[in-house]
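A.B. asks: Sequence plus the predicted model coming up.
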Amino acid sequence: MKCPECEKTSTSSRVYTSGGGLMTLGGGGRPFYDEDGKYHLHDNNVTTQSYVCSNRHQFTVKSRGRCWCGWGADVSPQVEIHAYAGDSGIVLLG
Ligand SMILES: [Zn+2]
Ligand SMILES: [Zn+2]
């Protein structure tokens, strides 16, 4: 995970999870074992997580579950950049 704003300008930063935490919407998938006895979890829930980087960019990432078998790999995470808090500063959590 890198800050999308910092990536644009090749700036390095640390990314922290910020308030709100994980939120899931919608119905979930049931884990199952396939014909080979391998574990799958095909989870349709959308998870929203907020982040803040050490350069004070704030963004959220909405992503759907993925499975090792490739399920869900066609759906790329949605990144929303919210605000640049500027020099007034925001409190880094953690
Ligand atoms: Zn950044
Ligand atoms: Zn799977």
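C.D. replies: Happy to help now that I have it. Ligands and ions are numbered 1, 2, ... in the order given.

A.B. asks: Starting from residue 47, give me the distance back to the residue most central in space within the chain.
C.D. replies: Among the residues of the chain, the one closest to the centroid is residue 61, at 3.9 Å (Cα atoms, centre = their mean). Going from residue 61 to residue 47 by Cβ to Cβ, to the nearest Å gives 8 Å. Bear in mind the C-beta positions are built from the backbone N, C-alpha and C, glycine included.

A.B. asks: quick check, the residue nearest to the centre of the chain in a strand?
C.D. replies: Yes: Residue 61 forms part of a strand when assessed by DSSP: H, G, I helix; E, B strand; the rest coil.

A.B. asks: Show me what from this structure comes close to ligand 2.
C.D. replies: Applying Cβ under 5 Å from the ion, we find that the chain lies next to ligand 2 at 40, 67, 69, 71.

A.B. asks: want to throw those residues into JSON lines with neighbour count, secondary structure and distance to residue 57?
C.D. replies: JSON lines is the format used below for the residues of the chain next to ligand 2 (neighbours: other Cβ atoms under 10 Å; DSSP: H, G, I helix; E, B strand; the rest coil; distance: Cβ to Cβ, whole Å):
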{"residue": "40", "neighbour count": "15", "secondary structure": "strand", "distance to residue 57": "35"}
{"residue": "67", "neighbour count": "15", "secondary structure": "coil", "distance to residue 57": "30"}
{"residue": "69", "neighbour count": "13", "secondary structure": "coil", "distance to residue 57": "34"}
{"residue": "71", "neighbour count": "16", "secondary structure": "coil", "distance to residue 57": "31"}
